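Peer 1: Fold the following, please.
(chains A and B)
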Amino acid sequence: MLDIKYIKDNAELVKERLLTRQKDFSAEIDQLVDLYSERNALIAETEGKKAEQNKTSKMIPRLKKEGKDVTPIFEEMKKLSEGIKAAAERLNCVDAQIEEILLNLPNLPHNSVPVGKDDQDNVEIRRWGEPKRFDFEPRPHWEIGSALKILDPETAAKVTGARFHFYKGAGARLERAVVNYFLDCHWKKGYVEVFPPYMVNRDSMTGTGQLPKFEEDAFKVANNGFFLIPTAEVPVTNMHRNEILDGGTLPIKYCAYSACFRAEAGTAGRDTRGLIRQHQFNKVELVKFADPDTSYEELESLTLDAQAVLIGLGLPHRVVCLSTGDMGFSSAKTYDIEVYMPSYNRYVEISSCSNFEDFQSRRAAIRFKRTATDKTRFVHTLNGSGVAVGRTVAAILENYQNADGTVTIPEALRPYMGCDVIKEEML
RNA sequence: GGAGGGGUAGCGAAGUGGUCAUAACGCGGCGGUCUUGAAAACCGUUUGAGGGCAACCUCACAAGGGUUCGAAUCCCUUCCCCUCCGCCA
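Peer 2: Predicted coordinates:
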């Protein structure tokens, strides 16, 4: 959520910068400026009347004690009370309109973000490793998984439906090994490991920006109205909702494994095979709460921390900075990490690292004080996948496949797997 | 799911229609006095949000409604916590 005072004072600038997201919000901004001045007029009116009401109310007990007739005062106060009620009702209405517009306005892109139309305008920042050359025709991971009998979408389709997977045998162990390897890398770097709830309430989904705009992308629990988390970012960021943090504790760093659930309305037909796009997938997430002065340095180190686990696995990848037209709703700046996938013959997103600045913390009221006497201000929140587990397994299967159909286990995972190669007979 | 008890400052807790929310009282935190230093004792101080150039004003007693001239207090709805029972891993 943007600061309405900032919008009021910089209306044209805000319009311009939001326009770089390839959508025109001029009408909303103009409306906000009008609503804000209307709101302040209504506040002046209601508060003046309330002050009068409070003053008179305090006198009534004394007058009664003195035996005076208070009936005429009651008559007057009744009118005043009705006037307050009417003005407060209008104020509520104006506040609700302001809130609705603000909640549906995306974040302002940071100045360093390349202006562009879509993902074609993303800028490559750096590369690690070289796409592997095979002296045989490499197969896509779903074929490898099927041949080794470690990935089974057919049974999942029977038991649940499309876009779900059973992992079996060495496949299930590989998924678990990757999770453990990622978490061990991160907690050793000072990220506090948390294991979050997989369902959250509406306030949490609103706090991180999934709601109200993207409700159709989320799975909702019929019983109680909770939402299945689309990412651990939601429960972990909301841990500090409505809190005032001690500035001395910043940056606060968490890593969290969770399953993630996405309805992804509108992506039918894309990546229908394999592990790339599932309704349920595993992810290790990194979340930071940072002082605004250092949040962009924290974004750089967060991205490096996510990259480190891919380097550890020897998976070739690159880092791109998303253009203004490709960035997510809540983000001010995003780096995607893309891993090389032989089956796609290109780099595929495996992590997304973002600085949300105060966009989430304003929605979720996550504040801090530098010192005990300092005024409260909003923290900057950041998060990044560290990294997507299913896509990592897919990348391992494809990049480490051998001509005989087996898959070599990357060295870093061998202690977790207890073997150095996956063969069919391992089931 | 059933029965009961709760939700008030960082924590514990008093307040059950106005003159106790500028929230009693206790603990903790911060500053000071005393001391070589510390402890103890004593004194002071200690929520957040909004509006206003300012003086200052308004709001918040889990959340949202209602009754009333006036609500922490009475009524309704929802959420959360605790105890017991049932069920369950």
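Peer 1: Is there any residue in stretch A:47-59 that contacts RNA strand B?
Peer 2: Yes: using CB under 7 Å from any atom of the strand, stretch A:47-59 reaches RNA strand B at A:Glu47, A:Gly48, A:Lys50, A:Ala51, A:Gln53, A:Asn54, A:Lys55, A:Ser57, A:Lys58. Every residue, glycine included, has its C-beta placed from N, CA and C.
Peer 1: tell me, how many neighbours does the closest residue to A:Gly161 other than its chain neighbours end up with?
Peer 2: Distances taken as CB to CB, 6 or more residues apart in numbering place A:His279 nearest to A:Gly161, at 7.9 Å, with adjacent residues excluded. Residue neighbour count, defined by other CB atoms under 10 Å, stands at 18 for A:His279.
Peer 1: again, but for A:Thr206
Peer 2: Residues contacting A:Thr206 under the criterion other CB under 10 Å number 19.
Peer 1: if we can go back for a sec, buried ones among the residues of stretch A:47-59 next to RNA strand B?
Peer 2: Among the residues of stretch A:47-59 next to RNA strand B, not one counts as buried by 16 or more other CB atoms under 10 Å.
Peer 1: got a markdown table for the residues you listed, with secondary structure too?
Peer 2: Shown next, in a markdown table, are those (DSSP: H, G, I helix; E, B strand; the rest coil):
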| residue | secondary structure |
| --- | --- |
| A:Glu47 | helix |
| A:Gly48 | helix |
| A:Lys50 | helix |
| A:Ala51 | helix |
| A:Gln53 | helix |
| A:Asn54 | helix |
| A:Lys55 | helix |
| A:Ser57 | helix |
| A:Lys58 | helix |
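Peer 1: min pLDDT across the residues you listed, which one?
Peer 2: Within the residues of stretch A:47-59 next to RNA strand B, A:Lys58 has the lowest pLDDT, namely 82.
Peer 1: can you give me the strands for the stretch 101-250 of chain A?
Peer 2: All strands of the stretch 101-250 of chain A, identified by DSSP state E, counting those that start in this stretch, fall at A:123-128, A:151-152, A:166-167, A:192-194, A:199-200, A:227-228, A:243-246.
Peer 1: okay, now the nearest residue to A:Lys23 once chain neighbours are set aside: neighbour count?
Peer 2: With sequence-adjacent residues excluded and distances taken as CB to CB, 6+ apart, A:Lys23 is closest to A:Pro106, at 7.9 Å. A count of neighbours around A:Pro106, defined by other CB under 10 Å, yields 19.
Peer 1: What is the burial count for whichever residue of the stretch 201-350 of chain A sits closest to RNA strand B?
Peer 2: At 6.0 Å from RNA strand B, A:Ile244 is the closest residue in the stretch 201-350 of chain A, using CB to the nearest atom of the strand. Using other CB under 10 Å, A:Ile244 has 14 neighbouring residues.
Peer 1: ok, for it, nearest residue in space, not its chain neighbours?
Peer 2: Excluding the flanking residues, the one nearest A:Ile244 by CB to CB, 6+ apart is A:Arg367, at 4.8 Å.
Peer 1: likewise A:Ile337?
Peer 2: Counting by CB to CB, 6+ apart, the residue nearest A:Ile337 is A:Ser351, at 3.9 Å.
Peer 1: Same check on A:Glu285?
Peer 2: Per CB to CB, 6+ apart, closest to A:Glu285 is A:Ala232, 4.0 Å.
Peer 1: okay, now that neighbour: neighbour count?
Peer 2: Look at A:Ala232: counted by other CB under 10 Å, it has 27 neighbours.
Peer 1: how about it, what does it touch?
Peer 2: A:Pro196, A:Ala256, A:Tyr257, A:Ser258, A:Cys260, A:Lys283, A:Val284, A:Glu285, A:Val287 (CB atoms under 8 Å, 6 or more residues apart in numbering).
Peer 1: any idea which of the residues you listed is the one closest to A:Asn111?
Peer 2: Distance to A:Asn111 across the contacts of A:Ala232 (CB to CB) is lowest for A:Val287, with 24.3 Å.
Peer 1: Is the closest one in a helix, a strand, or coil?
Peer 2: What three-state DSSP gives for A:Val287 is strand.
Peer 1: Out of the residues of stretch A:47-59 next to RNA strand B, flag the one nearest to A:Gly248.
Peer 2: Nearest to A:Gly248 out of the residues of stretch A:47-59 next to RNA strand B is A:Glu47 (CB to CB; 36.8 Å).
Peer 1: Against RNA strand B, how distant is A:Phe134?
Peer 2: Using CB to the nearest atom of the strand, to the nearest Å, A:Phe134 is found at 45 Å from RNA strand B.
Peer 1: Go ahead and confirm that residue touches A:Glu398.
Peer 2: No: between A:Phe134 and A:Glu398 there is no contact under CB atoms under 8 Å: 9.8 Å.
Peer 1: Settle it for me: which of the two has more neighbours?
Peer 2: A:Glu398 (26 against 14).
Peer 1: hang on, the more buried one packs against A:Ser343?
Peer 2: Yes: using CB under 8 Å, A:Glu398 is in contact with A:Ser343, at 5.7 Å.
Peer 1: which residues do the two both contact?
Peer 2: Both A:Glu398 and A:Ser343 are in contact with A:Pro138, A:Arg139, A:Pro140, A:His141, where contact means CB under 8 Å, 6+ apart.
Peer 1: What segments of the stretch 151-300 of chain A are helices?
Peer 2: A:153-159, A:170-187, A:202-208, A:233-237, A:295-313 (DSSP state H, counting those that start in this stretch).
Peer 1: after the longest one, next one along is what?
Peer 2: Beyond helix A:295-313 on the C-terminal side, the first helix or strand identified by DSSP states H and E is strand A:317-321.
Peer 1: Could you pull up the mean pLDDT of that following strand?
Peer 2: Across strand A:317-321, pLDDT averages out at 98.
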